[in-house]
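Student: Model the structure of this input:
(2 chains)
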Number of protein chains: 2
Amino acid sequence: MEQKRSSPNCIGIVGLGLIGGSLGLDLQSLGFQVHGLVHRSSSAEKAKKRQLAHIISTDFETLAKCDLIILALPIKELLKPSQELINALPKSAIITDVGSVKEPVLKLWSKLHQNFVPSHPMAGTTDSGVEAGRPKLFRNRPWIATRDKNTSPKALKKVEELAVALGSRWITAEAETHDQAVALISHLPVLISAALIKTLETEKNSSVFNLAKALASSGFADTTRVGGGNPNLGTAMMANNSSAIIRGLTSYNHNLQEFEEDIVNKNWNRIQKELEQTQSIRKDIFNN
Amino acid sequence: MEQKRSSPNCIGIVGLGLIGGSLGLDLQSLGFQVHGLVHRSSSAEKAKKRQLAHIISTDFETLAKCDLIILALPIKELLKPSQELINALPKSAIITDVGSVKEPVLKLWSKLHQNFVPSHPMAGTTDSGVEAGRPKLFRNRPWIATRDKNTSPKALKKVEELAVALGSRWITAEAETHDQAVALISHLPVLISAALIKTLETEKNSSVFNLAKALASSGFADTTRVGGGNPNLGTAMMANNSSAIIRGLTSYNHNLQEFEEDIVNKNWNRIQKELEQTQSIRKDIFNN
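Tutor: Take a look at the predicted model:
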């Protein structure tokens, strides 16, 4: 895709991990000038070898000429930005982020910068770090912006153009709606899946554990996949989207308890109907 | 594989659905004479077209000459066999089953036949019915026998030889251990996965549902796969392995509640440690 006249001349990326590094590769391919800021000089060296940006530095000055800056930081750092970083962001630049939780990000950053656009490209693999970035990560993936009434429409439009140029599906939503939706489809699954693994662990010293291990196949593998994923990522989800997760858990516990009561009361007709319903909803979600 | 001298001359299969039909195809390939008994004449016609056995009939007489008979019936029918079926089983034949729950099967059938071997080939797809059977379904899959003190060692050995000839991994276990293990790795996952789908359904009339639907990807797809599976199969699991499932659910609820308390108490260090543990256990189970 050719760079448009109105496109930013220089895009800054803060952090060159999976998301930042992948952005760097694609944005260079699209013809943008890309400046990458990283924390450690060892990361800078690796990122330079992988050519994740045109200029890669640990010096905040590297952002000075950028007119669009993407904060590709872990949510924890995004929510506790250093004063140095805040000062390094040009006032006229458009600032966006890639955080997976939007209410706290919007709340903080809309005060820190006049042109802040809260956004969340939903792409990811289990990899992380400066070696993880790869081309075309965002293609056909959703990229959600959660503007509020203070968000500059012009800034929003620029971020949308960028997301679309990267091949993403652009979606806008309320920050609260976003956080509740990702709690249900991403964060809650980690918890319920991890609790299942723990339930097996409880049997660790019995013959049940060894047999279960020998028999476990695709069904158990699928259901436990996200609960056996990256612990840092899982903990960050829980810590930063707590209230939406607790709300989801309350509803979840209620549903599971209903199943349990139906089993205790031998209410097989109701279980059959419930499972017909869940089968139909899942088909609807994944169009199959 | 060549048929051994000591092998059964004629193998009977009662029911030619996914499991029975697949057995019929492979056993014929192995050189056995295979007689299939089905309930409806319409099924018999379809099974004949698919050549699932040498002789296919709705007449119980078809089992008369068989010296090994596999009851490939749904668990519900297996636990309420007709008197006609019971009478049709030759006294000298070895009888085995393919039921996914073993305590109630063993309890009932060890009284009904002197040469009964309770067994469970763990192979399956989401397909069912007379069109579902396919070759090599059992290859590299576990096949568990849950004998008790009354099980004939000679009969057990014959079923083992058959399972091994079909390419299965032969495992023996106590019926109770088996039922608790499959509750944890197969039946409980269906419940916790279905409850997650129901939790999303609760939001059906809100903007959260539509956004969640748009954002749902591989993590949610994996975690909800078994909860969106065959409702008849799911209901049969709940109905026939209730006590093991309830035991598993009690432990599961406790584990999930601990996670919830950790979130409420902002105990992120503990969550991190728990998720490191679940990651490590899952790696151990699936050797990756």
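
Student: Alpha carbons of whichever strand or helix holds residue A:45, as PDB, please.
Tutor: In this assignment (DSSP states H and E), residue A:45 forms part of helix A:41-49. As requested, the backbone C-alpha atoms of helix A:41-49 are provided in PDB (Å, rounded to 0.1, in the frame of the first residue of the first chain):
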ATOM      1  CA  SER A  41      20.400  -1.400  25.300                       C
ATOM      2  CA  SER A  42      20.600  -5.200  25.000                       C
ATOM      3  CA  SER A  43      17.100  -5.100  23.500                       C
ATOM      4  CA  ALA A  44      18.100  -2.200  21.200                       C
ATOM      5  CA  GLU A  45      20.900  -4.400  19.900                       C
ATOM      6  CA  LYS A  46      18.600  -7.300  19.200                       C
ATOM      7  CA  ALA A  47      15.900  -5.100  17.700                       C
ATOM      8  CA  LYS A  48      18.500  -3.500  15.400                       C
ATOM      9  CA  LYS A  49      19.700  -6.900  14.200                       C
END
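
Student: Next secondary structure element downstream of that helix?
Tutor: Using DSSP H and E, the helix or strand that directly follows helix A:41-49 along the chain is strand A:55-57.

Student: Which neighbouring elements make contact with the helix or strand that contains residue A:155?
Tutor: Using DSSP H and E, residue A:155 falls within helix A:153-165. When contacts are defined as 3 or more C-beta pairs under 8 Å, 6 or more residues apart in numbering or on different chains; DSSP states H and E, helix A:153-165 sits against strand A:68-71, strand A:94-97, strand A:116-117, strand A:119-121, strand A:142-145, strand A:169-172. C-beta coordinates here come from the backbone N, C-alpha and C atoms, glycine included.

Student: Listing partners with orientation, what would you give for the second one?
Tutor: As defined by DSSP bridges, the strand partners of strand A:94-97 come to strand A:68-71 (parallel), strand A:116-117 (parallel).

Student: ok, now the fourth one?
Tutor: Strands that pair with strand A:119-121, judged by DSSP bridges, come out as strand A:142-145 (antiparallel).

Student: pLDDT on the strand it pairs with, on average?
Tutor: The average of the pLDDT scores along strand A:142-145 is 97.

Student: all helices for the stretch 101-250 of chain A, in order.
Tutor: Applying DSSP state H, counting those that start in this stretch to the stretch 101-250 of chain A gives helices spanning A:103-112, A:153-165, A:175-182, A:188-201, A:207-215, A:218-224, A:231-240, A:242-264.

Student: what does the average pLDDT come to for the helix holding residue A:155?
Tutor: 97.

Student: Quick check: buried residues in that helix?
Tutor: Within helix A:153-165, the residues scored as buried using 16 or more other C-beta atoms under 10 Å in any protein chain shown are A:155, A:156, A:158, A:159, A:160, A:161, A:162, A:163, A:165.

Student: where in the stretch 151-288 of chain A is pLDDT low?
Tutor: Residue ranges of the stretch 151-288 of chain A with pLDDT under 70: A:288.

Student: what comes up buried for stretch A:231-240?
Tutor: A:231, A:233, A:234, A:235, A:236, A:237, A:238, A:239, A:240.

Student: One more: stretch A:239-256?
Tutor: Neighbour-count burial for stretch A:239-256 [16+ other C-beta under 10 Å]: A:239-242, A:244-245, A:248-249, A:251-253, A:255-256.

Student: Columns distance to chain B on top of these, output as CSV?
Tutor: CSV is the format used below for these (distance: C-beta to the nearest C-beta, whole Å):
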residue, distance to chain B
A:239, 5
A:240, 10
A:241, 10
A:242, 5
A:244, 9
A:245, 6
A:248, 6
A:249, 6
A:251, 5
A:252, 5
A:253, 7
A:255, 4
A:256, 4
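
Student: Among these, which one lies nearest to residue A:108?
Tutor: Closest to residue A:108 out of these is residue A:240 (11.6 Å), distances taken as C-beta to C-beta.

Student: Could you check the pLDDT of the closest residue to that closest one other than its chain neighbours?
Tutor: By the measure of C-beta to C-beta, 6 or more residues apart in numbering or on different chains, the closest residue to residue A:240 outside its immediate chain neighbours is residue A:101, 4.5 Å from it. Taken from the predicted model, the pLDDT recorded for residue A:101 is 93.

Student: Give me the contact list for the helix holding residue A:155.
Tutor: Identification of contacts with helix A:153-165 by C-beta atoms under 8 Å, 6 or more residues apart in numbering or on different chains yields A:1, A:4, A:7-8, A:11, A:27, A:30, A:68, A:94, A:96, A:115-117, A:119, A:121, A:138, A:143, A:145, A:147, A:170.

Student: Only alpha carbons, please: show it as PDB.
Tutor: These are the backbone C-alpha positions of helix A:153-165, laid out as PDB (Å, rounded to 0.1, in the frame of the first residue of the first chain):
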ATOM      1  CA  PRO A 153     -12.000  12.800  15.800                       C
ATOM      2  CA  LYS A 154      -9.000  13.800  13.600                       C
ATOM      3  CA  ALA A 155      -6.700  11.800  15.800                       C
ATOM      4  CA  LEU A 156      -9.100   8.800  15.800                       C
ATOM      5  CA  LYS A 157      -9.300   8.900  12.000                       C
ATOM      6  CA  LYS A 158      -5.500   8.800  11.700                       C
ATOM      7  CA  VAL A 159      -5.300   5.700  13.900                       C
ATOM      8  CA  GLU A 160      -8.100   4.100  12.000                       C
ATOM      9  CA  GLU A 161      -6.200   4.700   8.700                       C
ATOM     10  CA  LEU A 162      -3.100   3.100  10.200                       C
ATOM     11  CA  ALA A 163      -5.000   0.000  11.500                       C
ATOM     12  CA  VAL A 164      -6.800  -0.500   8.100                       C
ATOM     13  CA  ALA A 165      -3.400  -0.100   6.300                       C
END
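
Student: mind checking how far the nearest residue to residue A:56 once chain neighbours are set aside is from residue A:167?
Tutor: In space, residue A:56 comes closest to residue A:36 once its chain neighbours are excluded; the distance is 4.4 Å by C-beta to C-beta, 6+ apart. As for residue A:36, its distance to residue A:167 is 21 Å (criterion: C-beta to C-beta, to the nearest Å).

Student: How far does stretch A:115-123 stretch from one end to the other?
Tutor: One end of stretch A:115-123 to the other measures 24 Å (C-alpha to C-alpha, to the nearest Å).

Student: same question for it, mean pLDDT?
Tutor: 95.

Student: Any residues of the stretch 1-150 of chain A in contact with chain B? List them.
Tutor: Within the stretch 1-150 of chain A, the positions adjacent to chain B are A:122, A:141, A:142, A:144 by C-beta under 8 Å from any C-beta of the partner chain.

Student: Of all pairs in those residues, which one is the farthest apart?
Tutor: In those, the most distant members under the criterion C-beta to C-beta are A:141 and A:144, with 10.3 Å between them.

Student: list the residues that contact both of the two?
Tutor: Among the neighbours of residue A:141, those also in contact with residue A:144 (C-beta under 8 Å, 6+ apart) are residue A:122.

Student: thought residue A:43 was touching residue A:20?
Tutor: No - taking contact to mean C-beta atoms under 8 Å, the distance of 10.5 Å between residue A:43 and residue A:20 leaves them out of contact.

Student: more crowded one of those two?
Tutor: For residue A:43 and residue A:20, the more surrounded residue by other C-beta atoms under 10 Å in any protein chain shown is residue A:20, and the numbers stand at 26 against 20.

Student: pLDDT score assigned to that one?
Tutor: Turning to residue A:20, the model gives it a pLDDT of 97.

Student: Phi and psi next, for it.
Tutor: As for residue A:20, its main-chain torsions (degrees, to the nearest 10) stand at phi -60, psi -40.

Student: So what's the residue count around the residue nearest to it when sequence neighbours are not counted?
Tutor: For residue A:20, ignoring the flanking residues on the chain, the nearest one in space by C-beta to C-beta, 6+ apart is residue A:72 at 3.1 Å. By the other C-beta under 10 Å criterion, the neighbourhood of residue A:72 contains 27 residues.
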